[in-house]
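Visitor: what's the 3D shape of this:
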Amino acid sequence: MARRPRKETAAPTAPVTVTVCRGCCCGVAAKHPDVDHPGQLERLRAGVGTAGRVRAVPCLDACDHSNVVVVSPSAEGRKAGGRPVWLGWVLADDMLDEIADWVQAGGPGVAEPPGTLDLQQFAVSRRVGQGLPN
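Guide: Modelled structure (predicted):
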């Protein structure tokens, strides 16, 4: 029996992913009572739109930097050398807007982050970095 030739399909492309910590310290009124945590998530989702995806996770184990957001590169960004960028103390609307603008521009590996986000970046241990959920 002859095999049918395989149909050529384009490999799916992974979008820029914005992971928002909503664990014990991030996203809770007890630590940041003046922040509208659900509103932050909605603002990010609206700003990112179809350029990427935004997801909330229970804890990223970087509590000293709360509120933590990780911007992970798209497949294209990874090919260009982009790596996840960890941002801490994301508490103000202008920070959320800058993250959304960066995602709209292509994110890590494709576009440079807005200069003010440099102040928010921090490094995590390999253990924490490898624990980032997919």
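
Visitor: so what's Val57 bridging to?
Guide: As for beta bridges, Val57 partners with Cys21 under DSSP bridges.

Visitor: these two touch, right, it and Arg22?
Guide: Yes - using C-beta atoms under 8 Å, Val57 is in contact with Arg22, at 6.8 Å. (Glycine included, C-beta is placed from N, CA and C.)

Visitor: neighbour-wise, which of those two wins?
Guide: Set side by side, Val57 and Arg22 show more neighbours around Arg22, with 21 against 16, by other C-beta atoms under 10 Å.

Visitor: list the contacts of that one.
Guide: Applying C-beta atoms under 8 Å, 6 or more residues apart in numbering, we find Arg22 in contact with Val28, His37, Leu41, Ala56, Val57, Pro58.

Visitor: separation between the closest residue to the second one other than its chain neighbours and Gly39?
Guide: In this case it means His37. The spatial neighbour of His37 that comes closest, neighbours along the chain excluded (C-beta to C-beta, 6 or more residues apart in numbering), is Gly27 at 4.5 Å. With distances taken as C-beta to C-beta, to the nearest Å, Gly27 is found 11 Å from Gly39.
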